[in-house]
Structures are given as structure tokens and as C-alpha cells.
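My questions concern the predicted model and sequence given below.
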Amino acid sequence: MPRIEAFYSRREARKFVDAGVFHNNSTCRQGRDVKMKSDDRNGTGNYRLCHDCDDRNFSEDRNTQKSPTIFKRLSFPHASEPAEAPPFSAPARAPVNKAL
């Protein structure tokens, strides 16, 4: 599983809190570079999550989750079943007087 304990670069400590990022995904390229340089500190440092880590975490969650139950409950009418009337129908158009 690519998720790991959160960490950030020591260099992030020199930045403003809004500019710094932390990582929590082992497949993030920037996070791997920080780990390879042994320039990491444990925790989030009150920084925001790296955009790449966020995307990868989202993709991982989406791929591992079961399909939502709402999709299992959807049923489409079969040809033998009568179709329901639409909830709103547009008013009929007024006839055009061609004599004018």
C-alpha cells in the first residue's frame, strides 16, 4: 500500500506555512526525493498535503472502494413494464396563423 506515515522536508521549515507541503504517499516523486536525501521530518508540520500525494491517495481510494450501493439499487424499466410519465412536460405550442 503506497500510503505511509506523514513527513515533510526540513527545507519546508524555512517556508511560510501556506507554502510548505507534507507527503504521505510512497509513490509521490517529490516525497521520494525528500526521503532519498534523508531530509525528512516526521509529521505534517501543519502544512498542506502535497498535490501529487492527494491525487494518488484519491485514485487509490477510488480504485479500492466498492461501488456505492446507490448504483446497485438502480433499476431500469424493462420493455414489458410501462414507462412512467416525465415529471414535467412542456406546454403545447400555439398554432401558427398562416393567413397573416
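Alright, I've got the coordinates. Owing to the predicted nature of the structure, the values given are computational and were not obtained by experimental measurement. Numbering: from 1, shown residues only.

what ranges do the strands span in this protein?
All strands of the chain, identified by DSSP state E, fall at 3-9, 21-25, 40-42, 48-49.

Looking at those strands, which one is packed in the most?
Mean neighbour count (mean count of other C-beta atoms under 10 Å) peaks for strand 21-25 among the strands of the chain, with a mean of 23. Where you see a C-beta, it was placed from the backbone N, CA and C, and this is true even at glycine.

neighbouring contacts of that strand?
Around strand 21-25, the neighbours that count as contacts under C-beta atoms under 8 Å, 6 or more residues apart in numbering are 2-8, 12, 30-31, 34, 43-45, 47-53, 56-57, 60.

Then stretch 45-58?
2-3, 8, 12-13, 17-18, 20-25, 27-31.

who's in contact with Asp40?
Contacts for Asp40 (C-beta under 8 Å, 6+ apart) come out as Phe7, Tyr8, Ser9, Arg10, Val34.

So which of the residues you listed is the closest to Lys98?
Nearest to Lys98 among those is Tyr8, at 76.2 Å by C-beta to C-beta.

Look at Asp54 and report its pLDDT.
If you check Asp54, the pLDDT there is 91.

From Asp61, how far off is it?
The gap separating Asp54 from Asp61 is 11 Å, by C-beta to C-beta, to the nearest Å.

Compare the two (neighbour count), which wins?
Asp54 (16 against 10; other C-beta atoms under 10 Å).

Could you measure from that one over to Val96?
Asp54 is 57 Å from Val96, by C-beta to C-beta.

try Gly31
To Val96, Gly31 is 68 Å away according to C-beta to C-beta.

Show me which of those two is the more surrounded one.
For Gly31 versus Val96, neighbours defined as other C-beta under 10 Å are more numerous around Gly31 (26 against 7).

Low-confidence regions, this protein specifically.
Within the chain, the stretches with pLDDT under 70 are 1, 65-92, 94-95, 99-100.
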